[in-house]
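Enquirer: Let me see the structure of the following:
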Amino acid sequence: MSPEVAAALWAVGGSLATLVATNLFNARQADKQMEFQIQEREIQNKQMLIHNSYEHRVEAYTKLFQSLTEFDSYLKKFMDDGNEFKETLDPNQFSPLEQRDKLAELFRKEALWLSTDANLAFREFFGFCDTGISLASILPNDLISGGVRNYCINVHLKINRIKRIMKEDLGISYIDEFKDGKQKDEQKFQEVSTAKE
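Expert: The predicted structure follows:
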């Protein structure tokens, strides 16, 4: 074999080796790019799912918060605090079953969107309400009137606990804490500025 042919074969072999190496490199890069795009799509899908779920949670919590507030307003009519401008009702008229059933129906519809803590708090709340309502239905009126106010206060406290959990779940508590902290910082800054003057 002549040296020119050998050199030509070496050049062709080198070119082929370079071509194969380039193709392998490009194939690996294409695979990495494809994997990156798949991961990016999965992240986008998860973000969209989280966003949609959060929107449903906000809607459910808004409805439940409103229903809890209505129930609480009903209870406050039996917690006489001596305010002559506030509407109060006779403890013998205490009949929270309609309010409880309305809230329970809404809870059943929206339970999917509640956090574990909120779900548990609602279940405890309904258990407490059911026990109190059962007792109210079997006790004579004179015994009911003495316990209605205390019962209403306890249910009111449980409603506030559920509301607090719901606010934490939605991040509203953290926004309030941030706002309160910012106001305190501004007050301190003003005090320092005033002291320097």
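Enquirer: can you list the weak-confidence ranges in this protein?
Expert: Low-confidence regions of the chain, defined here as pLDDT under 70, cover residues 9, 80-93, 135-146, 179-197.
Enquirer: centroid residue for it?
Expert: Among the residues of the chain, Asp169 comes closest to the average C-alpha position under CA atoms, centre = their mean, at 3.0 Å.
Enquirer: how close does that one get to Ala21?
Expert: For Asp169, the distance to Ala21 equals 56 Å [CB to CB, to the nearest Å]. Yep, even glycine has a C-beta here, placed from its N, CA and C like the rest.
Enquirer: same check, this time on Ala118
Expert: For Ala118, the distance to Ala21 (CB to CB) stands at 59 Å.
Enquirer: Go ahead and measure how far stretch 56-72 is from the middle of the chain.
Expert: With CA atoms, centre = their mean, to the nearest Å as the basis, stretch 56-72 stands 12 Å off its chain's centre.
Enquirer: For it, which outside residues touch it?
Expert: Here stretch 56-72 makes contact (CB atoms under 8 Å, 6 or more residues apart in numbering) with 96, 99-100, 102-103, 106-107, 110, 112-115, 118, 122, 155-156, 159, 162-163, 166, 169-170.
Enquirer: who's in contact with stretch 33-51?
Expert: Around stretch 33-51, nothing counts as a contact under CB under 8 Å, 6+ apart.
Enquirer: With stretch 119-131 instead?
Expert: 64, 96, 100, 104, 107, 111, 114, 154-155, 158-159, 161-162, 165.
Enquirer: now for the host helix or strand of the residue nearest to the centre of the chain, which elements pack on it?
Expert: According to DSSP states H and E, Asp169 maps onto helix 141-170. Packed against helix 141-170 by the contact rule (3 or more CB pairs under 8 Å, 6 or more residues apart in numbering; DSSP states H and E) you find helix 3-76, helix 116-138, helix 172-196.
Enquirer: In space, what's closest to Ile162 - neighbours in sequence excluded?
Expert: In this structure, Ile162 finds its nearest non-sequential neighbour in Ala121, 4.7 Å apart by CB to CB, 6 or more residues apart in numbering.
Enquirer: Okay, the one you found and Ile43: tell me how far apart.
Expert: Distance of Ala121 to Ile43, given as CB to CB: 32 Å.
Enquirer: Check Phe125 too.
Expert: For Phe125 relative to Ile43 (CB to CB), the value is 37 Å.
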